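A.B. asks: any chance you could fold what I've pasted below:
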Amino acid sequence: MNIEIKKSIKPIKYTFAMKQMEKRLEQIYTNKKKELIWILEHQAVYTAGTNYKVNEIIDKNINVIKTNRGGKITYHGKGQLVFYFVIDLKKRKINVRNLILIIEKTIIDTLNHFKIKTFADRKNIGIWHKNKKNKKKIAAIGIKVKKWIAYHGFSINISNDLKKYSKISPCGLDSENVSNLQKIKKQNYSKIKNKLIDNFLINIQN
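C.D. replies: Residues are numbered from 1 along each chain as shown. Sure thing, here's the model as predicted:
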C-alpha cells in the first residue's frame, strides 16, 4: 500500500494544514488518493486539543486555535518538527491503540539512532527523556479518527524556543517539564526527518 510523502520547506499555517488533511481523509475514504505522511514546521501557533482545560492558558492574551485532535494545549513553531499522517486503519487492520504504539516506537527508535534514550509514559502520553535530576517531555502525540481513518500525528521539539511554553500549561504540565533535543544533546539533526519516515513505514507494516 503506497503512501505519499510530502516535506514542506516553508512553515505552514496550522488551519491550512488541517483543511488539507481533512480533504485527504475524504479522498482516501472514497479511494481517490493515497495515504499521506506530511513533514513540516508550523507558523507560530498555540493549539488546544479536545481534552484541554481553560485554566491551562496562563497568558489570556494569546490566541489559541481549538482543534479536534486528542490531547491538550501546546505550541507549534520554528524548530519543532511536525509529523502528520492520514492513515487508513481499517485497510491496515490496526486500531487506535496499535497506532499509538507505532508512533511511540517510531520516535524512540529514531532518537536511539541519535544516541538519545527516551521512553513512553502511559499516564502522560508522549515521549520523554530522563536525566539524573528529572524527566522532560520532548515529543507530543495527538490524533483524531474519522471513518476509521486516523490523522494529525506527533511533534518533536528539536531547537524550538522553550520560553513560548511559559504562556500555557503544555499538555497539562508545567512548562519546565518540556525540553528539546538540542538542550539534551547538541548535534546535527538534519537527518531526523528521513529517519522518522523510514521507521514509521517499517513499524506500520509490521
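A.B. asks: could you dump the helix or strand containing residue 47 to PDB, C-alpha only?
C.D. replies: Taking DSSP states H and E as the definition, one finds residue 47 inside strand 45-48. Extracted C-alpha coordinates of strand 45-48, given in PDB (Å, rounded to 0.1, in the frame of the first residue of the first chain):
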ATOM      1  CA  VAL A  45       0.600  29.000  16.900                       C
ATOM      2  CA  TYR A  46      -1.000  27.700  20.100                       C
ATOM      3  CA  THR A  47      -3.500  24.800  19.600                       C
ATOM      4  CA  ALA A  48      -5.900  23.200  22.000                       C
END
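A.B. asks: neighbouring contacts of the helix or strand just after that strand?
C.D. replies: Later in the chain than strand 45-48, the nearest helix or strand by DSSP H and E is strand 64-66. Here strand 64-66 makes contact (C-beta atoms under 8 Å, 6 or more residues apart in numbering) with 14, 15, 45, 46, 47, 48, 57, 73. The way it works is simple: take the backbone N, C-alpha and C, and place the C-beta from them, glycine included.
A.B. asks: list buried residues within the residues you listed.
C.D. replies: Listed as buried from the contacts of strand 64-66 are 14, 45, 46, 47, 48, 57, 73; burial here means 16 or more other C-beta atoms under 10 Å.
A.B. asks: show me where this structure has strands.
C.D. replies: Ranges of strands in the chain, per DSSP state E, are 3-7, 35-40, 45-48, 64-66, 73-76, 80-88, 119-120, 127-130, 135-146, 149-157.
A.B. asks: identify the residue spatially nearest to the residue most central in space within the chain, adjacent ones excluded.
C.D. replies: Nearest residue to the geometric centre of the chain (C-alpha atoms, centre = their mean): residue 154, 1.3 Å. Once flanking residues are discounted, residue 154 sits nearest to residue 141: 4.5 Å by C-beta to C-beta, 6 or more residues apart in numbering.
A.B. asks: in this structure that neighbour contacts residue 100, no?
C.D. replies: Yes: using C-beta atoms under 8 Å, residue 141 is in contact with residue 100, at 6.7 Å.
A.B. asks: compare the two (neighbour count), which wins?
C.D. replies: residue 141 (22 against 17; other C-beta atoms under 10 Å).
A.B. asks: contact partners for the more buried one?
C.D. replies: 71, 100, 103, 104, 125, 126, 127, 153, 154.
A.B. asks: tell me which two in these are the farthest apart.
C.D. replies: For the contacts of residue 141, the farthest-apart pair by C-beta to C-beta is 71 and 104; their separation is 14.1 Å.
A.B. asks: direction-wise, compare the lengthiest helix in the chain with strand 149-157 and give the angle.
C.D. replies: Ordering each helix of the chain by length in residues (DSSP state H) puts helix 96-113 first. Counting by axes from the mean of the first three to the mean of the last three C-alpha atoms, to 10 degrees, helix 96-113 lies at 30 degrees to strand 149-157.
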